[in-house]
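> Predicted structure and sequence below. I'll ask about it afterward.
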Amino acid sequence: MIGFLFVLLSCSSVEAKVLNLEESKLAGYLSVQQSNATVKKDFFEGESSATDFSKGFTTQTGTDFGLVYRAQYVAWIFGFEFMKSNKISGATASTAGTTDYNYTSEVSYLAPKLGLEIILYQTAKARVSIQGAVGTASLTSKSDYTNLSIAPNTDFSYQGKGAANLLNVSIATEFVLIDNTAMQIILGYRNLDFEKIKLSEDVASSFQGALTKGSVLRKLDGSQVEYDFSGLYLNLAFRVWIF
């Protein structure tokens, strides 16, 4: 990603010119994104006999980068989206005030995607558009459990993976920032729910006993552990128009 940004900045410094959004055709883009996580403590509740969990997922941050090709009032977007939830550490699971164990956890995904941008309003210096994008996201997760005073009474960890379809819809404003670089502010909604997470390695001991690679991660009642990244998000993006 750092290399990608270096290429964009190098392109922008080759020749200083006045950017005209009505004439520019091809751009590289890089964005930063943040949103609230709706999963919170639901990811952990029910995984064991513990009833109280001190921490849950609260925020999601990431980036989106790729290329944009515009033809008149329509533009194609080819990109990659990476998102990561806040890492949970120093958390405790307890029952009636008695600590049962400590846990740490982190979840992220990477998604190649194809998008379409329809320009609603455009001048040489600014534009307003609506966007839509689809892709297939790959999730990775890792959770560690230590200091267990309940079964299995030994430290253990698991790593998971999953796949789900990604859908983004948004509205964006873009305006010339400097030279051939434009800034874009995007307000959107993401639909992405990993309903099934599978173990990527064998687990000798867990709250459900021994687990094998490829098995679906479940809670004590048999329901599947899932992570839903769906929700509103706000993007700040930079586009370097190459020509």
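Everything's here; your move.
> list the contacts for Glu174?
Leu21, Ala126, Arg127, Val128, Ser129, Ala182, Met183, Gln184, Arg239 (Cβ atoms under 8 Å, 6 or more residues apart in numbering). Bear in mind the C-beta positions are built from the backbone N, C-alpha and C, glycine included.
> And for Ser85?
Per Cβ under 8 Å, 6+ apart, neighbours of Ser85: Ala37, Val39, Phe57, Thr59, Gln60, Glu106, Val107, Ser108, Tyr227.
> Only the buried subset of these, as a PyMOL command please.
To isolate the buried ones among the contacts of Ser85 in PyMOL, judged by 16 or more other Cβ atoms under 10 Å, type:
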select buried, resi 37+39+57+60+106+107+108+227
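> taking the contacts of Ser85 one by one, which sit in strands?
Ala37, Val39, Phe57, Thr59, Gln60, Glu106, Val107, Ser108, Tyr227 (DSSP state E).
> The third one touches Lys87, doesn't it?
No: contact status for Phe57 versus Lys87: not in contact, 9.3 Å apart, counting by Cβ atoms under 8 Å.
> Residues that sit against both of those two, list them.
What both Phe57 and Lys87 touch, as defined by Cβ under 8 Å, 6+ apart, is the set Ser105.
> now the helices for the chain?
Taking DSSP state H as the test, the helices found in the chain are 2-14.
> which residue sits closest to the residue nearest the centre of the chain, ignoring its sequence neighbours?
The structure's the chain has its C-alpha centroid closest to Met83; by Cα atoms, centre = their mean the separation is 2.2 Å. Leaving aside its sequence neighbours, Met83 sits nearest to Gly62 (Cβ to Cβ, 6 or more residues apart in numbering; 3.5 Å).
> For the one you found, give me its contacts.
Gly62 touches Val32, Gln33, Glu81, Phe82, Met83, Lys84, Ser108, counting by Cβ under 8 Å, 6+ apart.
> so what's the fourth one scoring on pLDDT?
The confidence metric pLDDT takes the value 97 at Phe82.
> what does Val18 give?
Val18 is given a pLDDT of 79.
> Check Glu117 too.
At Glu117, pLDDT is 98.
> That one contacts Ala75, correct?
Yes: between Glu117 and Ala75 there is a contact under Cβ under 8 Å: 4.1 Å.
> Between these two, which contacts overlap?
Val68, Ser129.
> out of the contacts of Gly62, which are buried?
Applying 16+ other Cβ under 10 Å to the contacts of Gly62 flags Gln33, Glu81, Phe82, Met83, Lys84, Ser108 as buried.
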